[in-house]
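# 3D model of this:
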Amino acid sequence: MAENKEFSFEEKITELEAIVQAMEKGDAPLDAQLENFEQGIKIARECTGVLDSAEKKISILTKKPSGEMTEEAME
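All right, here's what the predicted structure looks like:
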């Protein structure tokens, strides 16, 4: 993945799946496998952050009677 472009959650998941498939083949040299692993961990952490943020927003929306989001929830 290019560092200068912001990818959507779905694009990140697709990239992560491709990395996992490449690693499962097991035919790449150790250095390439380690690089794939590092990239996979980075993407997984980014996706976890996106999911945590979405969960926080959903929690706030379902707790607030008006259904409005506060500034805090939009961060």
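
# This structure: helices as residue ranges?
Under the criterion DSSP state H, the chain contains helices at 9-25, 30-63.

# could these go into a markdown table alongside mean pLDDT and mean neighbour count?
The way it works is simple: take the backbone N, C-alpha and C, and place the C-beta from them, glycine included. Shown next, in a markdown table, are these (pLDDT from 0 to 100; neighbours: other Cβ atoms under 10 Å):
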| stretch | mean pLDDT | mean neighbour count |
| --- | --- | --- |
| helix 9-25 | 95 | 13 |
| helix 30-63 | 93 | 12 |
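
# how close does the most centrally placed residue in the chain sit to E17?
The centroid of the chain falls nearest to C47 when counting by Cα atoms, centre = their mean (1.5 Å). Distance check for C47 against E17: by Cβ to Cβ, to the nearest Å, it reads 11 Å.

# what's the answer for S53, then?
The gap separating S53 from E17 is 21 Å, by Cβ to Cβ.

# Grab the CA positions of stretch 36-56 and hand them over as CSV.
Taking C-alpha atoms only, stretch 36-56 is exported to CSV below (Å, rounded to 0.1, in the frame of the first residue of the first chain):
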residue,chain,number,x,y,z
ASN,A,36,4.5,-9.0,4.8
PHE,A,37,4.0,-9.7,8.5
GLU,A,38,5.0,-6.2,9.5
GLN,A,39,2.7,-4.7,6.9
GLY,A,40,-0.1,-7.0,8.0
ILE,A,41,0.2,-6.0,11.6
LYS,A,42,0.2,-2.3,10.7
ILE,A,43,-2.9,-2.7,8.6
ALA,A,44,-4.6,-4.8,11.3
ARG,A,45,-3.9,-2.0,13.9
GLU,A,46,-5.3,0.6,11.6
CYS,A,47,-8.5,-1.4,11.0
THR,A,48,-8.9,-2.0,14.7
GLY,A,49,-8.7,1.8,15.3
VAL,A,50,-11.4,2.3,12.7
LEU,A,51,-13.6,-0.3,14.3
ASP,A,52,-13.0,1.1,17.8
SER,A,53,-14.0,4.6,16.6
ALA,A,54,-17.2,3.2,14.9
GLU,A,55,-18.1,1.3,18.0
LYS,A,56,-17.7,4.4,20.1
